[in-house]
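Student: attaching a predicted model along with its sequence, questions to come.
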Amino acid sequence: MSTDSADTTEAETEAILEPELPILDAHHHLWNRSSHGAGQYLLDDLRADTASGHNVVRTVFVECHAEYRREGPAHMRPVGEVEFVAAIAEASSARAVAEGGAEIGAIVGNADLALGDAVAEVLEAEAEAGQGRFRGVRHNTAFDPNPMGNNSARAGMMGEDTFRAGVRRLGAMGFSYDAMCFHHQLSELADLARACPEVTIVANHFGIPIAGGPYRGKADEVRAVWQAGITDLASAPNVVMKLGALIRPLTGDRWDKRGRTASSAEVVEAWGSEVRFCLDAFGPSRCLFESNFPVDKPCVGYVALWNAFKLLAAGCSADEKRDLFHDTAARAYQLPTLAG
């Protein structure tokens, strides 16, 4: 059974904009129903989405705590997820050769960076398990005094000496760090980036400006804190920004609960100012688009989502679009870039 989604709307039947533009989808997940209650999302599901009209040539899998090992030392259990995805990635490459379409080009796994230098053991095992596709680690540091279901991180984590030692070890071994934190933590992430200038840091999901819980109805306050954090973060040249994860606009509206998916025009209206702010702060050469599928699938269809990104990039040059849709992600995850 595939992931459940909202009712079909005209948003899912939009004409494809700029259908030849190559896309590297920089952020998606894979899982079995046994791992996530939302329903399985595996290679057939991913290929159905990436083959829905846009020219998606490669993708990047990002950790989601799927298929961890059930035995052995706790710190080594995330290696199971890389093994799981590497097998699917091999199949994706074979099908891309035989049938065309996108292949999974890179894998971002999980490791406890608070292990410090000792995290090398995990990274070595994940690199072997990744069969040449392992590119880095995401360690969730998103923390808010109001838990809102997030219980995996702790306050001040990014400033801890052992955590920073783990990030440095990650970079020394040639891997990148996918950072996940909330809008009010962006300056903490900027401090981490400045302390680890040799490490490529990929900031996830716009820096997650929170719209729900205690922040509902406070969009202007959230936006002001977020903008200050984005400006600070952009001053660190080793950081690139992922633009995506559109589940809840700053209005607080729950697109996943309204029974229909968003059109590209709605995405542009809801998120246009944030996208433009990030583009101004980082520049297209340090921004990359992501689908965050299947997490975002109940909110917006794959066609409408990438149409929205193309509308938001309409004023960019051909070179800037090449960066936004493909090459920034390719550089961050050590994949082939497009010919200029």
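Tutor: That came through fine.

Student: any stretches of the stretch 201-340 of the chain with poor pLDDT?
Tutor: For the stretch 201-340 of the chain, the stretches with pLDDT under 70 are 340.

Student: all the helices of it, in order from the start?
Tutor: In the stretch 201-340 of the chain, helices defined by DSSP state H, counting those that start in this stretch lie at 219-234, 264-282, 302-312, 318-322, 328-332, listed in chain order.

Student: and of those, who's closest to Leu30?
Tutor: Each of the helices of the stretch 201-340 of the chain was scored for nearness to Leu30 using Cβ to Cβ, and the closest is helix 302-312 (15.2 Å). C-beta coordinates here come from the backbone N, C-alpha and C atoms, glycine included.

Student: so what does the closest one touch, helix or strand wise?
Tutor: With contacts defined as 3 or more Cβ pairs under 8 Å, 6 or more residues apart in numbering; DSSP states H and E, the secondary structure elements packing on helix 302-312 are helix 264-282.

Student: list the buried ones in the helix it packs on?
Tutor: With burial defined by 16 or more other Cβ atoms under 10 Å, the residues of helix 264-282 counted as buried are 264, 266-268, 270-271, 274-275, 277-279, 281-282.

Student: quick one: the strands in this protein?
Tutor: Secondary structure of the chain (DSSP state E): strands at 22-28, 55-62, 103-109, 134-140, 176-180, 201-203, 239-243, 287-289.

Student: who's in contact with whichever helix in the chain runs longest?
Tutor: Secondary structure of the chain read by DSSP state H shows that its longest helix is helix 79-99. If you take Cβ atoms under 8 Å, 6 or more residues apart in numbering as the criterion, helix 79-99 is touched by 30, 42-43, 46-47, 61, 63-70, 101-105, 107, 109-110, 122, 125-126, 129-131, 133-134.

Student: of those residues, buried ones?
Tutor: The neighbour-count test (16+ other Cβ under 10 Å) marks 30, 46-47, 61, 63-64, 66-68, 101-105, 107, 109-110, 122, 125-126, 129-130, 133-134 as buried among the contacts of helix 79-99.

Student: kindly provide the distance from the nearest residue to Phe143 once chain neighbours are set aside to Glu14.
Tutor: On the basis of Cβ to Cβ, 6 or more residues apart in numbering, the spatially nearest residue to Phe143 that is not a chain neighbour turns out to be Ala153, at 4.1 Å. Taken as Cβ to Cβ, to the nearest Å, the spacing of Ala153 relative to Glu14 amounts to 37 Å.

Student: can you check Val295 too?
Tutor: Summarising the geometry, the distance separating Val295 from Glu14, computed by Cβ to Cβ, is 21 Å.

Student: and what of Arg168?
Tutor: In terms of Cβ to Cβ, Arg168 sits 45 Å off from Glu14.

Student: ok, back up a step: neighbour count: Val295 and Glu14, which is higher?
Tutor: For the pair Val295 and Glu14, the greater number of neighbours falls to Val295 (22 against 18), based on other Cβ atoms under 10 Å.
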